[in-house]
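Colleague: Return a 3D structure for these sequence lines:
(chains A and B)
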There are 2 protein chains.
Amino acid sequence: MSNSLSNPNADRVLSPRLRNKIMSAEAAAALIPSGVNVGMSGFTGAGYPKAVPAALAKRIMDANLNGKNFKIGVWTGASTAPELDGALAMVDGVELRLPYQSDPTCRKRINAGEMEYLDMHLSQVAQFVWFGFLGKLDVAVVEVAGILEDGRLVPSSSVGNNKTWLDQADKVILEVNSWQNPALEGMHDIYYGTALPPYRKPIPLLKTDDRIGEPYLRCDPDKIIAVVETHTPDRNSAFSAPDENSRRIAGHILEFLEHEVKKGRLPPNLLPLQSGVGNIANAVMAGLNEGPFDNLTAYTEVLQDGMLDLIKSGKLSCASATAFSLSPAALSELNADLARYRERIILRPQEISNHPELIRRLGVIAMNGMIEADIYGNVNSTHVMGTRIMNGIGGSGDFARNAYISIFMTPSQAKGGDISCIVPMASHVDHTEHDVQVLVTEQGLADLRGLSPKQRARVIIDNCAHPHFRPALMDYYKRSLMHSEGKQTPHLLDEALSWHLKYLRGGQML
Amino acid sequence: MSNSLSNPNADRVLSPRLRNKIMSAEAAAALIPSGVNVGMSGFTGAGYPKAVPAALAKRIMDANLNGKNFKIGVWTGASTAPELDGALAMVDGVELRLPYQSDPTCRKRINAGEMEYLDMHLSQVAQFVWFGFLGKLDVAVVEVAGILEDGRLVPSSSVGNNKTWLDQADKVILEVNSWQNPALEGMHDIYYGTALPPYRKPIPLLKTDDRIGEPYLRCDPDKIIAVVETHTPDRNSAFSAPDENSRRIAGHILEFLEHEVKKGRLPPNLLPLQSGVGNIANAVMAGLNEGPFDNLTAYTEVLQDGMLDLIKSGKLSCASATAFSLSPAALSELNADLARYRERIILRPQEISNHPELIRRLGVIAMNGMIEADIYGNVNSTHVMGTRIMNGIGGSGDFARNAYISIFMTPSQAKGGDISCIVPMASHVDHTEHDVQVLVTEQGLADLRGLSPKQRARVIIDNCAHPHFRPALMDYYKRSLMHSEGKQTPHLLDEALSWHLKYLRGGQML
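Modeller: Numbers count the residues shown, from 1 in each chain, chains lettered A, B, ... in the order given. Below is the predicted model:
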């Protein structure tokens, strides 16, 4: 039996039974009715279905043109790409979207009040579906890298919630993408030991490189109603070199980590790293690549260029994630030598990559970006000026709450200095003061461990705020200290959100 | 060897070596210098040291009268009693207090800006001390029920952080309280399997009644510098019968739980219950006692009167907690039959009772009180009008984030109707929208699962707000929907905190 994709030129659909279900994306999309909830694959632009969502969007457009209302619920791993979120949002085809997205068209609709968006902790999605808390999952549309003769599925460049979608959906549509490297086979670790309470057991993962599951996804073949063949790249975006601010932030973090090792509060090879996506995260990875630490490990959501470089240089011995998010250049590098990289990379379901139990046990060092923090250390990761959603909370909460050290980072100002990223009061709170141990901007690092709110305020203003905003922040804090009714977390309620208001009205916070 | 307190009239200090260290509370207090951090026992008014803190307070007063500055850091399990927090706060002897407190004198000093207060998740305290994040722990002052001949300690009516204090402090002062029932011996389960990352292993607890440790606390006898004998009751406060609002809230919760069982989203005996302290929590327990559920279990922080009643009636088969918090009447009941109750009660360290890994694995139903929630489901548990701290976050975050279902409850209004507990924007956020699945007031229950912020707003206003405030809330929401810059979480920033401001200025929110 040909239970491997070992021959790269061979067909990717090796199961004869499923070969019979091969059809066009349009035919597959026609099997999705209005009003259903659809679980789609995809995480940070990797492993999302490339053909069926766009075909479905066209079908929705036709329905709209015929005066019919056609909307679906769209559940994913995390963000996808224009062919999925963009296409469906363009035709106003999404009733409710969860749990994370970053598509501009989608974002516009959400912030215009035209689309319901349920922003969720990424670790909770799978279990909430199992619990029955989100309603019924009708259809799954999942990209895979291949189908073995016995029906097992070779996962694609992300795992996300695919295990749960395949288990829970009534009907399954598979996209088999022959563009994905067949050598992905064997890289994944799909854990099938989860259960519902009261039958849950400890998850037997002790180290980042432990394999606790199997390399394939299972799916009842009777549920598979269509197989669509594609040959389309993931939407990998180009890597931009770290800018000056990012490099400074990375420098502060590296100095902090070295200091913690010296003080005996971190082992010489640190603890498993989690790192959000973006320029700052890549700068931190670049810094680590030139830094003193060896035998690093990562337990994170997304594998970016910076981490691949660390693997290449031998600094990072293992990276566990749920998805890739690489530049085209990094992807070429990965594909050219995938067999070697595969030994150091494990892709897992996001319920495992982001699991509170595992993040706390491993003692992850969490590094996440943010929109703003207030002078007491409450962090806003999602809502610009308190109301306009940027992307979503993603895994930042899963990691920040359970981390050994939770670090949040941002440039100290935005929009060319019109906005201060350190504000009197956060206009929306995603991470409370209790879950933020370290704040970093290009100005410096505030170590908040063991500090009361008032002690934090001074350190945050002094170390993190931009000098342009520092005096006004200190003035607000001092007047609050004088006039606030309670002085545990001093505020002047008539001024607390005035910086945001001033920006909305006049384009400048000061 | 007499390694048991089995003879209730026998001495409680059976170790000859430690008998030699018996001294007065004053002599013991004289061993605590200014400037140190002191880890004290005590959780919700149970098992706190009864003599040394007050003696220390007098010593501090003398120092103050002599013009000397004498302050210490006070770390506990949670809240204690006037003899500890009250006494030390009265003489202004506390530099920094953590992680939770509820003493009125302390609260006054904190809100006057005279005492630093670090409000922490209760599950994180022990590990942060081990990590070295809170500085050095110099002295432990821990109440025990007795000392065995081999030096092992019989824990008292709370466990809290005692294991960590005894392990981490340089010097240890024990208070042996012969008022505590000697039959407490054997009720505790002290888990010594914790470790620092990267050496952590799964915590082998699968059911609420699993015993994974030993019934005694260990302590290096060389560190014990004093043993003080006391015979003093815990400060148990009288139980007040549930009022009408509490009974209504309990009724809504019971109806919800029955509905969830019917829908197959909860097993017939529910899942382990966590319940905060207070009138509403007791009302829920009273409701469960008359309700249809059998074989209930509890995995919680505190064992209150209501849970004891459930054990007595046979409805609750096992309660795991870290402390008692009983009325004098319930305590008499418990003491009269402790051998029987002991089979159904386990007291654990708070790092285990509140551990994210265990709360998530067990699928706890979390029920916690709050000060206010906003129309989008963000919850304020700690700060009245955003700045004045009430008590602290306690374990509410540990439970809410990791619960199967996280329920927050409050009467819909306070101060005779001057304050609405449902507000446009929470003036402080302890639990974000992501961690609040159900809100309940006497008006009704809002099931927020699967709802976007806008959908939540309508359900919360309709079901939970008091009719007196409902039109103004709906008016705010509708105008926000019209004029908010972003419409994911619509707000009018110049009005968002105006209800609180109006109350501060005129004594009424409307």
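
Colleague: only C-alpha atoms for contact and neighbour calcs from this point on.
Modeller: OK.

Colleague: Let me see the ranges of the strands in the stretch 101-250 of chain A.
Modeller: Here the stretch 101-250 of chain A has its strands, by DSSP state E, counting those that start in this stretch, at A:116-117, A:139-147, A:153-155, A:171-177, A:224-230.

Colleague: whoops, I mixed them up, the stretch 401-510 of chain A
Modeller: Counting by DSSP E, counting those that start in this stretch, the stretch 401-510 of chain A has strands at residues A:405-409, A:413-414, A:419-420, A:422-423, A:438-441, A:444-447.

Colleague: thinking again about what came up before, with mean pLDDT, distance to A:Ile249 and mean neighbour count added, can I get the strands of the stretch 101-250 of chain A in JSON lines?
Modeller: JSON lines is the format used below for the strands of the stretch 101-250 of chain A (pLDDT from 0 to 100; distance: least, Cα to Cα, whole Å; neighbours: other Cα atoms under 10 Å in any protein chain shown):
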{"stretch": "strand A:116-117", "mean pLDDT": "98", "distance to A:Ile249": "32", "mean neighbour count": "26"}
{"stretch": "strand A:139-147", "mean pLDDT": "98", "distance to A:Ile249": "37", "mean neighbour count": "29"}
{"stretch": "strand A:153-155", "mean pLDDT": "98", "distance to A:Ile249": "35", "mean neighbour count": "27"}
{"stretch": "strand A:171-177", "mean pLDDT": "98", "distance to A:Ile249": "39", "mean neighbour count": "27"}
{"stretch": "strand A:224-230", "mean pLDDT": "98", "distance to A:Ile249": "41", "mean neighbour count": "22"}
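
Colleague: Looking at those, spot the one closest to B:Val94.
Modeller: B:Val94 lies closest to strand A:116-117 among these, at 46.7 Å (Cα to Cα).

Colleague: Give me the residues contacting that closest one.
Modeller: Strand A:116-117 is contacted from outside by A:Glu95, A:Leu96, A:Arg97, A:Leu98, A:Pro99, A:Ile110, B:Ser452, B:Pro453, B:Lys454, B:Gln488, using Cα atoms under 8 Å, 6 or more residues apart in numbering or on different chains.

Colleague: Look at the closest residue to A:Val125 other than its chain neighbours and say how many residues are nearby.
Modeller: Spatially, and ignoring its direct neighbours in sequence, A:Val125 is nearest to A:Pro99 (7.1 Å; Cα to Cα, 6 or more residues apart in numbering or on different chains). Counted with other Cα atoms under 10 Å in any protein chain shown, residues neighbouring A:Pro99 total 24.

Colleague: So the closest residue to A:Arg344 other than its chain neighbours versus chain B, what's the distance?
Modeller: Leaving aside its sequence neighbours, A:Arg344 sits nearest to A:Cys318 (Cα to Cα, 6+ apart; 4.6 Å). Separation of A:Cys318 from chain B (Cα to the nearest Cα, to the nearest Å): 14 Å.

Colleague: got a list of what A:Cys318 touches?
Modeller: Counting by Cα under 8 Å, 6+ apart, A:Cys318 makes contact with A:Thr208, A:Asp209, A:Leu296, A:Thr297, A:Ala298, A:Ile311, A:Arg344, A:Ile345, A:Ile346.

Colleague: Which residue is the nearest non-sequential neighbour of the third one?
Modeller: If I follow you right, that is A:Leu296. Excluding the flanking residues, the one nearest A:Leu296 by Cα to Cα, 6+ apart is A:Leu316, at 4.5 Å.

Colleague: go on, the second one?
Modeller: Counting by Cα to Cα, 6+ apart, the nearest residue to A:Asp209 once its immediate chain neighbours are dropped is A:Cys318, at 6.1 Å.

Colleague: Can you report phi and psi for that neighbour?
Modeller: Backbone torsions for A:Cys318, taken as degrees, to the nearest 10, come to phi -160, psi 140.

Colleague: Quick check: bridge partners of it?
Modeller: Bridge pairing for A:Cys318 (DSSP bridges) gives the partners A:Thr297.

Colleague: per-residue pLDDT, it?
Modeller: pLDDT for A:Cys318: 96.

Colleague: Packing partners of whichever helix or strand A:Leu257 is part of?
Modeller: Per DSSP states H and E: A:Leu257 is located in helix A:244-262. For helix A:244-262, the packing partners by 3 or more Cα pairs under 8 Å, 6 or more residues apart in numbering or on different chains; DSSP states H and E come out as helix A:279-290, strand A:438-441, strand A:444-447.

Colleague: how much space between the closest residue to A:Ala457 other than its chain neighbours and A:Val423?
Modeller: Leaving aside its sequence neighbours, A:Ala457 sits nearest to A:Ile375 (Cα to Cα, 6+ apart; 4.7 Å). With the distance defined as Cα to Cα, to the nearest Å, A:Ile375 ends up 6 Å from A:Val423.

Colleague: which neighbours do these two share?
Modeller: Listed as contacting both A:Ile375 and A:Val423 by Cα under 8 Å, 6+ apart are A:Leu473.

Colleague: chain center to the lowest-mean-pLDDT helix or strand in chain A: distance?
Modeller: For chain A, using mean pLDDT, DSSP states H and E, the weakest element among its helices and strands is helix A:338-342, scoring a mean of 88. Centre-to-centre, helix A:338-342 and its host chain are 23 Å apart (Cα atoms, centre = their mean, to the nearest Å).

Colleague: And that helix, what's buried?
Modeller: By neighbour count with 16 or more other Cα atoms under 10 Å in any protein chain shown, helix A:338-342 contains the buried residues A:Leu338, A:Tyr341, A:Arg342.

Colleague: With stretch A:452-469 instead?
Modeller: Neighbour-count burial for stretch A:452-469 flags A:452-466, A:469 (criterion: 16+ other Cα under 10 Å).

Colleague: Go through the residues you listed and say which is closest to chain B.
Modeller: A:Ser452 (4.6 Å; Cα to the nearest Cα).

Colleague: Tell me which helix or strand the most centrally placed residue in chain A sits in.
Modeller: In chain A, the C-alpha nearest the mean C-alpha coordinate belongs to A:Gly394, at 4.8 Å (Cα atoms, centre = their mean). Element membership for A:Gly394 (DSSP H and E) is empty, with no helix or strand holding it.

Colleague: Same question for the one 5 residues further on.
Modeller: Using DSSP H and E, A:Phe399 falls within helix A:396-402.

Colleague: where does the stretch 401-510 of chain A dip in pLDDT?
Modeller: For the stretch 401-510 of chain A, no stretch has pLDDT under 70.

Colleague: give me the residue from it nearest chain B.
Modeller: Using Cα to the nearest Cα, A:Gly486 is the residue of the stretch 401-510 of chain A that sits closest to chain B, at 3.7 Å.

Colleague: I'd like to know the beta-bridge partner residues of the residue lying closest to that residue once chain neighbours are set aside.
Modeller: Closest residue in space to A:Gly486, ignoring its immediate chain neighbours: B:Arg388 at 3.7 Å, by Cα to Cα, 6+ apart. Beta-bridge pairing of B:Arg388 under DSSP bridges involves B:Val384.

Colleague: Cheers, nothing more for now.
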